[in-house]
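Structure for this input, please:
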Amino acid sequence: MIHMAVEAGLQLRYATIDTLRLHSETYAFLRDVEARYDIDIEVYRPDAEQLQGMGRRFGEYLFFDSKTLQQYCCQVRKVKPNEQLLKTVDCWISGMRRDQSDYRKDTAKGMTVGEYGSRRQILKLNPMADWGEDRLLAYIAENDVPRHPLYDQGYKSIGCFVCSTPVSANEDQRAGRWRWFNSDDRIDPQEAKECGLHIPMYNI
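The predicted model follows:
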């Protein structure tokens, strides 16, 4: 989407969340994208005090213990920094696609997002919602768009280095996220692969 926006001459802000546990390849990829498109990508990070408090209470690897603690870790490292970003915008453009998981299969191209603890709503656009992986890869090849180096190692969904693993050909694209929960029958399989960034949401 950055490629499309730059090609169209759109003056947009670009932002990402650094959980402080990303792959080294991800940090290098972000620098490559900035250089390729001559843009600055704003980086939002978790609050240091919240990180320290979470670690003291639950330990460094709390996300292995339960789905609840994994979601809490994602809240601190991803969702809350994203909330700080969303307070500064009226529209959020994301790369969510319906083919990424069962949970996302009904993703609309347009929706409103409610800010936690506030009545304020912003517009969220998912212009690639109806794109499949084949179409995406064809566009990348035809337009020489930079591709994350871990993709060619089987990573179809890339987040924190501990919580992301490669997937096989017959798995969902997000099956590699928090893989240790894949066989836990107590967890809703549709929600098991969501960190919380994209919920709640209201289609329009």
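
Which pLDDT value does the model give the residue nearest to residue 47 when sequence neighbours are not counted?
Distances taken as CB to CB, 6 or more residues apart in numbering put residue 80 closest to residue 47, at 6.8 Å, once the chain neighbours are dropped. No exception for glycine: its C-beta is placed from N, CA and C like everyone else's. Note for residue 80: predicted pLDDT of 94.

Then the one 3 residues further on?
The score at residue 83 is 90. That number is its pLDDT.

go on, the one 4 residues further on?
At residue 87, the model reports a pLDDT of 90.

and it, how far is that from residue 80?
11 Å (CB to CB, to the nearest Å).

between these two, which one's more packed in?
For residue 87 versus residue 80, the count of surrounding residues by other CB atoms under 10 Å is larger for residue 80: 17 against 11.

from memory that one sits against residue 50, does it?
Yes - counting by CB atoms under 8 Å, residue 80 touches residue 50, with 7.1 Å between them.

just to revisit the earlier point, the residue nearest to residue 47 and residue 13, how far apart?
From residue 80 to residue 13 the distance is 19 Å (CB to CB).

what's residue 175 in contact with, if anything?
167, 182, 193 (CB atoms under 8 Å, 6 or more residues apart in numbering).

Which parts of this protein are helices?
Along the chain, the segments classed as helices by DSSP state H run 2-7, 24-37, 48-58, 67-74, 80-86, 133-143.

Pull out the buried residues from the second one.
Along helix 24-37, these residues count as buried under the neighbour rule (16 or more other CB atoms under 10 Å): 25, 26, 29, 30, 33, 37.

for the third one, same thing?
Residues of helix 48-58 classed as buried: 51, 54 (neighbour count, 16+ other CB under 10 Å).

Does anything pack onto that helix? Which helices or strands?
In terms of contacts (3 or more CB pairs under 8 Å, 6 or more residues apart in numbering; DSSP states H and E), helix 48-58 is packed against helix 67-74.

go on, the fourth one?
In terms of contacts (3+ CB pairs under 8 Å, 6+ apart), helix 67-74 is packed against helix 48-58.

Understood, closing this out.
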